[in-house]
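1. sequence first, predicted model second:
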4 protein chains.
Amino acid sequence: MQQLKSMLDAHPSPAHSDGDIARECVEACYECAAICTSCADACLAEDDVASQVDCIRLNLDCADICALTGRLFARPSARDAGALRHQLEACAAMCRACGSECAKHAAHMEHCRICSEACRRCADACDRMISALAA
Amino acid sequence: MQQLKSMLDAHPSPAHSDGDIARECVEACYECAAICTSCADACLAEDDVASQVDCIRLNLDCADICALTGRLFARPSARDAGALRHQLEACAAMCRACGSECAKHAAHMEHCRICSEACRRCADACDRMISALAA
Amino acid sequence: MQQLKSMLDAHPSPAHSDGDIARECVEACYECAAICTSCADACLAEDDVASQVDCIRLNLDCADICALTGRLFARPSARDAGALRHQLEACAAMCRACGSECAKHAAHMEHCRICSEACRRCADACDRMISALAA
Amino acid sequence: MQQLKSMLDAHPSPAHSDGDIARECVEACYECAAICTSCADACLAEDDVASQVDCIRLNLDCADICALTGRLFARPSARDAGALRHQLEACAAMCRACGSECAKHAAHMEHCRICSEACRRCADACDRMISALAA
């Protein structure tokens, strides 16, 4: 996402004067979306797939919510702040749920370890964006 | 969505014994997603597109949130209830914001009239689903 | 999707004078997206989930491609016809792949039977839309 | 997307032994999806929005196709190669259409200049992935 900062800076009328928090939120959401998508696919490739069902379900939900949240905040203009704040809360909550489940498997599945960290980073980025919206 | 009810009923282990509220929520979300997508495209085709910019922005956000929410509840299994409730709140809030903006143009733009009604129906369906999750 | 026809008919400048084929394609895509999403979730709830892995993978791909294709054709305006035709070919091909896999399980899993039929209907609707674009 | 390579490398059973082309395709698709989403939002903020309508339409289509294509190839497992190849062709074609339109505005709109380059990079990455699938 090397060009995302230049892109967001080029917007004629952004909602916020300090766009770094929004950019970090967008980057964390897109990365978490990609990584949760990969983790679900990797869990399906495990020999003991039955033990991964809860993880796959949360990976799929988390990938979907992160993709949507990243997309919403890739739009720098001002829109309905209340709905956007609810969306960030949904994303942070789902990232924490998925990250906790992945962490259970992190010791013996590298993909779950990487995913649990991506989820934690994304939840934190959403929390910072919630604070920025409230400021 | 004529086969959706049969599909949801065929799930081996649904989260809820009464699936009608979830099904109505899924249907309302997918229809609102399609209609908001169409409304943004129709607004872009209006002669006075500059007056439709706020409406287009909300149409795009609402289409994205409804598509995600419909997808999440097309999965009948039990997952993280807290995150899903936040998602329904985000969807209901965005539908109300988009529906209110569309209603301003409803008298002279049929696409905005239809869209404002789809948004209101979807917001109501999300509210009922929030109540069902709390029960 | 009861209001979709009214919505598409209200567009100021549609690409096609006969919108029924496009509307049927949009409806088939959104229904197939919802049903494939449900089928993946149902397959994950089966006791013998290991035997459903190929089906789950194709359900997820098919749900994603159908959701995208439905969204593209919910926009009635004229855009890049070549790219849209490739998208319809991708959607038809993925629906046939997913429908064939689901059909293998249709005799003993009702969700896979319903899904295989939704996939077949969607592939046919995409084929008709490809013909309409070429006309 | 700093952790994407580690994630894809951690997959138990990838379709390809050389994952760099797939990873570059995924990264280019997600970045192009984010940048096209931003560009549509920036175009809507321009004083002369009427002159940007074609660009907004292609931005929206391209953002949607790139998001879907990135997601499909974030799954490293083997699935239906024919449908995936069609999807890459759709993505490359849409990126070229969107990039060409953005290039028309590049001299006086920095967001369109950045977007035209992201589209070109993504089209090229999809072309390389098509070649890799055929090998």
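-> Here it is on my side, so go on. Residues are numbered from 1 along each chain as shown, chains lettered A, B, ... in the order given.
2. tally up the residues packed near residue A:134, please.
-> By the criterion of other C-beta atoms under 10 Å in any protein chain shown, residue A:134 has 8 neighbours. Heads up, the C-betas are built off the backbone N, CA and C, glycines and all.
3. quick check: it vs chain B, distance?
-> 16 Å (C-beta to the nearest C-beta, to the nearest Å).
4. check contacts around that residue.
-> Residues in contact with residue A:134 (C-beta atoms under 8 Å, 6 or more residues apart in numbering or on different chains) are residue A:85.
5. quick check: phi and psi on it?
-> phi -80, psi -20 (degrees, to the nearest 10).
6. with residue A:12 instead?
-> According to degrees, to the nearest 10, residue A:12 has phi -70, psi -30.
7. thought residue B:97 was touching residue A:80, still the case?
-> Yes. With contacts counted by C-beta atoms under 8 Å, residue A:80 reaches residue B:97, the gap being 3.8 Å.
8. tell me, what's touching those two both at once?
-> residue B:58.
9. which residue, other than its chain neighbours, is closest to the residue nearest the centre of chain A?
-> Here the mean C-alpha position of chain A is nearest to the C-alpha of residue A:29 (C-alpha atoms, centre = their mean), at a distance of 3.1 Å. Distances taken as C-beta to C-beta, 6 or more residues apart in numbering or on different chains put residue A:70 closest to residue A:29, at 3.2 Å, once the chain neighbours are dropped.
10. my guess is that neighbour contacts residue A:33. True?
-> Yes. The criterion here is C-beta under 8 Å, and residue A:70 meets it with residue A:33 at 6.2 Å.
11. ranges for the helices of chain A?
-> For chain A, the helices defined by DSSP state H occupy A:4-9, A:20-44, A:53-73, A:81-105, A:110-134.
12. got the buried residues for the last one?
-> Read it as helix A:110-134. Within helix A:110-134, the residues that count as buried by 16 or more other C-beta atoms under 10 Å in any protein chain shown are A:110-130, A:132-133.
13. point out where chain A drops to low pLDDT.
-> A:17-18 (pLDDT under 70).
14. quick check: residues of it near chain C?
-> A:40, A:41, A:44, A:45, A:49, A:50, A:53, A:56, A:57, A:60 (C-beta under 8 Å from any C-beta of the partner chain).
15. next, count neighbours for the last one.
-> By the measure other C-beta under 10 Å, the count of residues near residue A:60 is 26.
16. now do the contacts for it.
-> Counting by C-beta under 8 Å, 6+ apart, the residues that residue A:60 touches are A:36, A:40, B:75, C:40, C:60.
17. name the nearest residue to residue A:69, sequence neighbours excluded.
-> residue A:91 (4.2 Å).
18. meant to ask about residue A:92, not that
-> That would be residue A:126: by C-beta to C-beta, 6+ apart, it lies 4.0 Å from residue A:92.
19. now do the same contact list for the one you found.
-> Neighbours of residue A:126 in contact, by C-beta under 8 Å, 6+ apart: A:25, A:28, A:29, A:69, A:88, A:89, A:91, A:92, A:95.
20. the fifth one against residue A:69, yeah?
-> This points to residue A:88. Yes. Contact status for residue A:88 versus residue A:69: in contact at 6.7 Å, counting by C-beta under 8 Å.
21. burial count for the closest residue to residue A:41 other than its chain neighbours?
-> Excluding the flanking residues, the one nearest residue A:41 by C-beta to C-beta, 6+ apart is residue D:75, at 3.9 Å. With neighbours defined by other C-beta under 10 Å, the count for residue D:75 comes to 26.
22. with the one 4 residues further on instead?
-> The number of residues packed around residue D:79, counting by other C-beta under 10 Å, is 20.
23. for it, give its distance to chain A.
-> When residue D:79 is compared with chain A (using C-beta to the nearest C-beta), they lie 9 Å apart.
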